[in-house]
Each structure stands twice: as structure tokens, then as C-alpha cells.
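[1] my questions are about this predicted structure, shown below with the sequence.
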Amino acid sequence: MSEDVHKRPARAMNREEGPKKRGCPGRLSKAGLVVLVTILLGAGIFNHQLMRLYNVITLFEPDVVVENFRSMERMFDYRVVHRGGTPHVFERAPESLPQLYTYEGRDKPVEELLKATWTTGLIVIHDDKIVYEDYRLGNNEASKCISWSVGRSFVSALMGIALKEGHIRDVGDPVTRYVPFLKGSGYDGVPIKHVLQMSSGIRFDEDHTAFFSDVNRMGRTIALSRPLDGFVASLENECEPGTRHHCVSMDSQVLGMVLREATGQNLSSYLEDRIWKRIGMESDAYWIVDGDGMELAFGGLNVVLRDYARFGLLYLHKGRWNGRQIVPAGWARESVTPDAPHLQPGDNPASTSPLGFGYQWWIPENPEGDFAAIGIYNQFIYVHPGHDVVIAKTSAYAGYDVDGDEKELESIALFRAVARHVDADQEPEPAPLPSDGGRRPPWGLLMTLKR
């Protein structure tokens, strides 16, 4: 393992320390835990392996989930993403949140949903200024919170940069051009673009109750500090790539593998050099790694709330920061543009979600030109160019397995209400109708953004 990887302590999380989804490392039943521990003890596997297994299995328990989500470095190996010397400093123009938002025809209290989803941090940026910032449930401005699938949008940005720099020739290239190890797997010959769009055709079972489901096999791989490359290579396809949208965590991991091989750098150092230091992130981040020191590209990034907001602001400005193009403008535009029928938001028989999808970014129903990075347990970076608003939210919603998908849709309704409220003097024009085979301009033909 690389020398710059930090090893987690060989102890389990103290359970007294704190009160089938995207990127979720699978859970095991108690019976499954007993079987695994028996096997591990019989094989002479102790200490780090057992502690890591215990931490993975208990990660989402309601009495520890809040503390766990801000303390992942205490349970897993990680690599640091270092900040630069001079951080970007936000101006402030404080405003209140609206009291109500509308969802499914009903006016509902904003505070009620924030509490219901166990919000640990919420920040609202308008006109590049912080207008609202709040921390809850023991979090503060220094808390580095797990991104889960929000981290995939960071990986997407790195893909666009690597393409611009010539490390990757074309998104039409098969992933096996860069990762020959995947030849013979379900990813053999699959174009990078289809992987970016979660349309790889890979079969991936996210049934958390089934011991041998793919998501639980993935969880055990992580728990036992084993490399994910072999697990990815074991996956098979179930349909033609580029025909169906289905959220597969390992699609994002494959993008990370492509970046690793194409750039010759680990993801943490590439993120640090190309984004972190260039836009003045205020804090170091850390990225959880597997047994070989490979970052968990599907959701292992841990970041403070304001830095999540800075990344959203980078995309609000179409990849540009202080006059410097960080993420290619064309890539930023394409990343939030569903460009095929199976990627469109709404009632879509070729998709498993009512949300649309671009390059690892989600597009809400009834688009207003807004888009979001979304992670399990109600993590968000939400961007509304029409209102010049960025919202970042960290959470530890213990009921996510029950109604997490519904709470995501409801949260987007809340964010839209917040965007309208802080930009009350403006209303966005309706989003244009689809054209060019269902392609939607991601920024919309909206008003000129205020600066």
C-alpha cells in the first residue's frame, strides 16, 4: 500500500459517542455476522479485519450514524487531499430560510423536513455569498462529512479535466482501453460515456437483506480491506450498454480505475492538484481507500460543508473560478445534460429513477435548469443557475432505507423554495422543451445570471 495512506486505529467506534441505496456498502444480518466472524476466527483473522468488519456492519445504526458520518477516518484507511495556502473566503449577506415549501400540493414546514432527515449541516450560497449556514446534531464548520454518492460528481469533474489534458482520448473509448484488467468482465468494451451515465448495462443487486447480493459482497470486500478491482471484474452485464439507466455504484468505481490508469496518479492527488488547491478549498479532505490503497470512487470522499458548497459554486459558474477555467466549460455543460431518452427525468420506463441523469449529476423532474449531486442518507449539493443559488446539505437520516428516495424528491422541492426565497426579486423562465432527440440544455434559456 502507498506510504501516503493513513491507517485507521485498530478499534471499533464507541457506540456511546453519538446519537438498497446509492453507494451504500452493504449491511449484514446478525446471523450473517455470526457466520462471518466464525469463518474469520477460524482463519486466524483478528484485530484490524474484525474491527473494520464490525464498523461496516454497524455503520448505519441509528445510535451511532451521526457520529460515524463525521468520523470515518477513525474506522477506515484513507488518503489526504491537501488544501492550498490561501483559502477562498466567502462574503456574507445573512437571510432567513422560508417557513414553508410545497410538495405534492401541500405546504409543509421547512424545519420539519430538516429535522426529519437528520440534517447535520446546511449552507445556502446566493450571488456567491453565504446567506445561510447552520450546523446541527454536534457537527460544526470543521466536521468532515462522508459524501457517499455526492463524491461521484467530483470524479466526473476529474474525468473532464483528464479528457482536456489528453490523458483520456475520448468518452467513446471502451473502459478496457485504459483498464485491460476488466477484459472478460461485464465492463469489457463498455464505452466510458455509458459508465458516466450509469447506463453500463451491468447487473447489480442492491438487496441489503440477501447475504450474497452484490451490494453485500461489495461491503464485505471493503470491510476486509481487500481491493475492489477484483470485485468489479466479477460483475456481469444484463442489458445492452447505453439503453437503460440504473444506478450502479461500481460504475463510479470503474471511472476511478480509468482515471488512475490514464493519469498515473491516485485520485486524491489528482483532485488536490486540479481542483482543491485551484479553487481555494479551506480544509483538507480525506478519501477512504480499499486494501490496495485505491480510493472508493463511488462515495468515500469526506469534506467540510463549505467546501462542498465551493464545488457547487464551481459548477454554477460552468467550471470557471476567478477567471480561470478549472473544469472545461463544455464538460460542465454536458455533465448536467441528459442526452438520450433513457436519461430523461420523469416517468421513464427505461430508468429506475424519476430523476434524470448526466455525467454523475442528477436532473430533477420538471427541470428548471437546476441539477444536483445526491448521496445516500440525504446528502446534497444542489445548484440552481436561474436563481444563482448553491445549497449543500449533510445529513445522517436513519430512516433512509424506508423512504429515502421519497425524501430526496421532497428535499429538492425544499431547495427550490429556498432558491426562490433568497432570490425573491427574480423568477426563472420555464425550461425549454426537449429538442434534438430529447436533449435538454442544462442551463436552460434562463435569465442572465446575476453577478
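    Received it, and whenever you're ready, just let me know what you need. Residues are numbered from 1 along each chain as shown.
[2] what residues does the residue nearest in space to the middle of the chain make contact with?
    Compute the mean C-alpha point of the chain, and by C-alpha atoms, centre = their mean the closest residue is V150, 1.7 Å away. If you count contacts by C-beta atoms under 8 Å, 6 or more residues apart in numbering, V150 has them with 299, 301, 308, 373-375, 379-381. (Glycine included, C-beta is placed from N, CA and C.)
[3] quick one: which of those is most hemmed in?
    Counting neighbours by other C-beta atoms under 10 Å, L301 leads the contacts of V150 with 31 neighbours.
[4] surely that residue touches A285?
    Yes: using C-beta atoms under 8 Å, L301 is in contact with A285, at 6.2 Å.
[5] between those two, what contacts are shared?
    Common neighbours of L301 and A285 are listed as V81 (criterion: C-beta under 8 Å, 6+ apart).
[6] ok so, going back, give me the distance between the residue nearest to the centre of the chain and H167.
    24 Å (C-beta to C-beta, to the nearest Å).
[7] cool, and H82?
    Counting by C-beta to C-beta, the gap from H82 to H167 is 21 Å.
[8] okay, these two: which has more neighbours?
    A side-by-side neighbour count of H82 and H167, using other C-beta under 10 Å, places H167 first with 19 against 15.
[9] ok, back up a step: and the contacts of V150, which is closest to E112?
    Within those, proximity to E112 (C-beta to C-beta) peaks at F380, which comes in at 17.3 Å.
[10] how about that closest one, what does it touch?
    150, 372-374, 391-393, 411, 415.
[11] among these, which are in strands?
    Among the contacts of F380, the members found in strands (DSSP state E) are 372-374, 391-393.
[12] for these, give me CSV that also has distance to H342 and pLDDT.
    Output for these, formatted as CSV (distance: C-beta to C-beta, whole Å; pLDDT from 0 to 100):
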residue, distance to H342, pLDDT
A372, 19, 98
A373, 20, 98
I374, 19, 98
I391, 28, 99
A392, 29, 99
K393, 28, 99
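[13] out of these, the closest to P98 would be?
    Nearest to P98 among those: I391, at 12.6 Å, using C-beta to C-beta.
[14] next, count neighbours for the closest one.
    The burial count for I391: 28, using other C-beta under 10 Å.
[15] which residues in the stretch 151-300 of the chain form helices?
    Ranges of helices within the stretch 151-300 of the chain are 151-164, 192-196, 214-223, 228-233, 249-263, 267-271, based on DSSP state H, counting those that start in this stretch.
[16] check those for me: which has the lowest mean pLDDT.
    Lowest mean pLDDT within the helices of the stretch 151-300 of the chain: helix 214-223, a mean of 86.
[17] tell me which helix or strand of the chain sits lowest on mean pLDDT?
    Sorting the helices and strands of the chain by mean pLDDT, DSSP states H and E puts helix 30-42 at the bottom, at a mean of 53.
[18] now the angle from whichever helix or strand comes after that helix to helix 214-223?
    As assigned by DSSP states H and E, the chain's next helix or strand after helix 30-42 is helix 48-57. Here the directions of helix 48-57 and helix 214-223 differ by 140 degrees (axes from the mean of the first three to the mean of the last three C-alpha atoms, to 10 degrees).
[19] CA atoms only: put helix 48-57 into CSV for me.
    Below are the C-alpha coordinates for helix 48-57, written out as CSV (Å, rounded to 0.1, in the frame of the first residue of the first chain):
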residue,chain,number,x,y,z
HIS,A,48,-8.0,-4.7,12.1
GLN,A,49,-10.1,-7.0,10.0
LEU,A,50,-12.6,-7.8,12.7
MET,A,51,-12.8,-4.2,13.8
ARG,A,52,-13.3,-3.0,10.2
LEU,A,53,-16.0,-5.6,9.6
TYR,A,54,-17.7,-4.6,12.8
ASN,A,55,-17.6,-0.9,11.8
VAL,A,56,-19.1,-1.6,8.4
ILE,A,57,-21.9,-3.7,9.7
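[20] that one: what's the following helix or strand?
    Assigned by DSSP H and E, the successor of helix 48-57 is helix 65-69.
[21] which strands or helices does that next one pack on?
    Packing contacts for helix 65-69, counted by 3 or more C-beta pairs under 8 Å, 6 or more residues apart in numbering; DSSP states H and E, involve no helix or strand.
[22] if we use 10 Å, what do you get?
    Other elements packing on helix 65-69 under the criterion 3 or more C-beta pairs under 10 Å, 6 or more residues apart in numbering; DSSP states H and E are strand 145-146, strand 389-395.
[23] those strands: which one's closest to A262?
    strand 145-146 (26.3 Å).
[24] may I have the strands that pair with the closest one, each with its orientation?
    Strand pairing for strand 145-146, using DSSP bridges, gives strand 301-303 (antiparallel).
[25] could you check how far K393 is from P109?
    If you go by C-beta to C-beta, the gap between K393 and P109 works out to 16 Å.
[26] neighbour count winner among these two?
    K393 (28 against 14).
[27] give me the beta-bridge partners of the residue lying closest to the more buried one once chain neighbours are set aside?
    The shortest distance from K393 to any non-neighbouring residue, by C-beta to C-beta, 6 or more residues apart in numbering, is to F380 (4.3 Å). Beta-bridge partners recorded for F380 (DSSP bridges): I374, K393.
[28] could you measure from F380 over to S185?
    32 Å.
[29] repeat that for L163.
    With C-beta to C-beta as the criterion, L163 and S185 are 23 Å apart.
[30] over to V175?
    Distance from V175 to S185, by C-beta to C-beta: 10 Å.
[31] who's more crowded, those two?
    Taking neighbours as other C-beta under 10 Å, V175 and S185 compare with V175 leading, 25 against 20.
[32] wait, doesn't the more buried one sit right on P191?
    Yes: using C-beta atoms under 10 Å, V175 makes contact with P191 at a distance of 7.6 Å.
[33] hey, what's in contact with both of the two?
    S200 (C-beta atoms under 10 Å, 6 or more residues apart in numbering).
[34] now whichever helix in the chain runs longest: buried residues?
    Counting by DSSP state H, the longest helix found in the chain is helix 400-422. Neighbour counts over helix 400-422 (16 or more other C-beta atoms under 10 Å) mark 400-401, 404-405, 407-408, 410-422 as buried.
[35] sweet, I'm off.
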